[in-house]
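In: Here is my input, please return the structure:
(2 chains)
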Protein chains: 2
Amino acid sequence: MAVKCNCPGCNDKLCLHKVPIFSSLDHDELVKIRPMIHHREYKKGDTIIFEGDIIDSIVIINEGSVKAYKNTSDGREQILYVFSEGDFFGEQNLFGNQVSTYSVEALEKVKTCNLSREMFQKLLYTYPEISVKIIDELGNRISRLENALSIGVRNVDNRIGWILLEFADKYGTADEAGIIIHLPFSREGIANYLGIARETLSRKFSQLENEGLIKSLNNKEILIPDLGKIAEIAGNS
Amino acid sequence: MAVKCNCPGCNDKLCLHKVPIFSSLDHDELVKIRPMIHHREYKKGDTIIFEGDIIDSIVIINEGSVKAYKNTSDGREQILYVFSEGDFFGEQNLFGNQVSTYSVEALEKVKTCNLSREMFQKLLYTYPEISVKIIDELGNRISRLENALSIGVRNVDNRIGWILLEFADKYGTADEAGIIIHLPFSREGIANYLGIARETLSRKFSQLENEGLIKSLNNKEILIPDLGKIAEIAGNS
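Out: A predicted model of the protein is given here:
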């Protein structure tokens, strides 16, 4: 059902319709929630939240994608998540007087729907199904972090194989020649995500390319002819 | 309020009273939930769940403590959590047909209260405050994993400092001479938790002891005279 509405940040449709955590609510319920939403827009490279800032809203990505990262004590940027359309963050700060545990930066033009902490808490009590969806999504995020942690000390090949599998799952499209991955960030970003030096990543990518396991189509796209071979490298087979 | 009840696994009180996620419910509500609970007992070393098992309950620790771990592809045991009285696991398996993402082993004699997936889902819809508490706890768990991930590639000294801080927070008691940490598992377990070799941990512990920063009281207890110095090692200061 395409719904016309007056919310200017939403490309003429109820942005809440896009959001999995609100998907069980019907149109009338969504219309009730709409006035509580504040819209924000960001340019590529804008910082939406700094690690350590007090955050008093839940932020839902309506358009575009962001990276969430921590600055480590040795000056690296450890990327924790890439959030895109329908994802949310700030839920960790709903119950304590917590500050944001990570910084969030727009990877492209981004539009968000922000819901204040107070309003969001009220929603959870009124619509238990929203909580159930959030628990489900947080469970997925926890599984992902657990996996990342348990591969953390494996060798670099394992880690690169693992991230290619993750990207293929999240950002891949099937093609006759294999899976085309639309990389969510730069090579430097990928190196940071993996916690390895950029030079190491470049060397390993060249090696995989020489072996025919990946093919760089352009700066933003990689082709994987045989995902099974990547799974072998990741140690998942 | 101490409550007498007939539940044999509960040391003569309603085990649910101990559990933070149920703390907002009153006694009458808890009495309604009680018949849905199944009790289990485990000996030290028993495996409660194997990674990959189908899990159809939420499991609440009523007594004792457990470790949750993954077997990595290189044959190591990566400890993810230590759960003790009042903690729960299995919540990740409530909504999909998921299998357990980790194994859980009793670190001592353990009693659990198990609630089936179906009953637990019903509870979440009936008592939204339970969901809100679970979201809060999952948020804490996520913060912890994010921290572990972002220190993962730091040097070994940082990691050891970090785990001592974490243990001091979770298992420490204040004493005239400093903070006494009651270690939740063996040195080998700690090494696995950190993803380092046992020999490395022993060497580093000896070094810290020589510098007067820690003192091994016995196999299970460590004294930290000055937590500030440990924070410096962790890179948090």
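In: Surely residue A:53 and residue A:101 touch.
Out: No: counting by C-beta atoms under 8 Å, residue A:53 sits too far from residue A:101 to count as a contact (10.3 Å). Any C-beta I mention is one placed from the backbone N, CA and C, and that applies to glycine too.
In: the more surrounded of the two?
Out: Taking other C-beta atoms under 10 Å in any protein chain shown, residue A:53 and residue A:101 do not tie; residue A:101 has more neighbours (22 against 14).
In: So what's the predicted local confidence for the closest residue to the more buried one other than its chain neighbours?
Out: Nearest residue to residue A:101, sequence neighbours excluded (C-beta to C-beta, 6 or more residues apart in numbering or on different chains): residue B:143, at 5.2 Å. With respect to pLDDT, residue B:143 scores 82.
In: swap in residue A:73?
Out: Looking at residue A:73, its pLDDT stands at 65.
In: what residues are up against residue A:213?
Out: Residues in contact with residue A:213 (C-beta atoms under 8 Å, 6 or more residues apart in numbering or on different chains) are A:224, A:225, A:226, A:229, A:230, A:233.
In: List only those of those flagged as buried.
Out: If you count burial by 16 or more other C-beta atoms under 10 Å in any protein chain shown, the buried members of the contacts of residue A:213 come out as A:224, A:229, A:230, A:233.
In: With distance to chain B, secondary structure and pLDDT as new columns, can these be given to me in CSV?
Out: Formatted as CSV, these follow (distance: C-beta to the nearest C-beta, whole Å; DSSP: H, G, I helix; E, B strand; the rest coil; pLDDT from 0 to 100):
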residue, distance to chain B, secondary structure, pLDDT
A:224, 20, strand, 94
A:229, 16, helix, 90
A:230, 14, helix, 89
A:233, 11, helix, 83
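In: Over to residue A:185. Which of the three states is it?
Out: coil (DSSP: H, G, I helix; E, B strand; the rest coil).
In: which one of the contacts of residue A:213 is nearest residue A:207?
Out: Of all the contacts of residue A:213, residue A:207 sits closest to residue A:233, with 10.5 Å by C-beta to C-beta.
In: you'd agree that closest one is up against residue A:158?
Out: Yes: if you go by C-beta under 8 Å, residue A:233 and residue A:158 touch, sitting 7.0 Å apart.
In: how many degrees apart are the longest helix along chain A and helix B:128-151 in direction?
Out: What stands out as the longest helix in chain A, according to DSSP state H, is helix A:128-151. If you take axes from the mean of the first three to the mean of the last three C-alpha atoms, to 10 degrees, helix A:128-151 sits at 20 degrees to helix B:128-151.
In: Following helix A:128-151 in sequence, what is the next regular element?
Out: helix A:156-171 (DSSP states H and E).
In: tell me which residues of that following helix are tucked away?
Out: Neighbour counts using 16+ other C-beta under 10 Å place A:158, A:159, A:160, A:161, A:162, A:163, A:164, A:165, A:166, A:167, A:168, A:171 of helix A:156-171 among the buried residues.
In: quick one: the fourth one and residue A:227 touch, right?
Out: Going back to what we said before, that points to residue A:161. No: applying C-beta under 8 Å, one finds residue A:161 not in contact with residue A:227, separated by 10.2 Å.
In: Neighbours of residue A:179, how many?
Out: Residues lying near residue A:179 (other C-beta under 10 Å) number 21.
In: Can you measure across stretch A:220-232, start residue to end residue?
Out: Using C-alpha to C-alpha, to the nearest Å, the end-to-end distance of stretch A:220-232 comes to 24 Å.
In: Okay, now the unreliable bits of chain A?
Out: Low-confidence segments of chain A, defined by pLDDT under 70: A:1-15, A:73-74, A:93-97, A:151-155, A:236-237.
In: So it: which segments form each domain?
Out: As given by automatic domain parsing, the domain ranges for chain A are A:3-151, A:156-234.
In: which one of the ones you listed lies closest to residue B:16?
Out: Among the domains of chain A, the nearest to residue B:16 by C-beta to C-beta is domain A:3-151 (18.9 Å).
In: Name the nearest residue to residue A:223, ignoring sequence neighbours.
Out: If the residues on either side of it in the chain are set aside, residue A:223 comes closest to residue A:215, at 4.3 Å by C-beta to C-beta, 6+ apart.
In: distance of that neighbour from chain B?
Out: Going from residue A:215 to chain B by C-beta to the nearest C-beta, to the nearest Å gives 26 Å.
In: isn't that residue right next to residue A:222, touching?
Out: Yes: using C-beta under 8 Å, residue A:215 is in contact with residue A:222, at 6.9 Å.
In: neighbour-wise, which of these two wins?
Out: Remark: of residue A:215 and residue A:222, residue A:222 carries more neighbours, 23 against 15, as counted by other C-beta under 10 Å.
In: mind listing what residue A:160 touches?
Out: Taking C-beta under 8 Å, 6+ apart, we find residue A:160 in contact with A:194, A:201, A:204, A:205, A:208, A:233.
In: Now do stretch A:121-130: distance from first to last residue.
Out: With C-alpha to C-alpha as the measure, stretch A:121-130 spans 10 Å from end to end.
In: Next one: the residue nearest to residue A:101 from residue B:88, what distance?
Out: Noted for residue B:143: a distance of 17 Å to residue B:88, by C-beta to C-beta, to the nearest Å.
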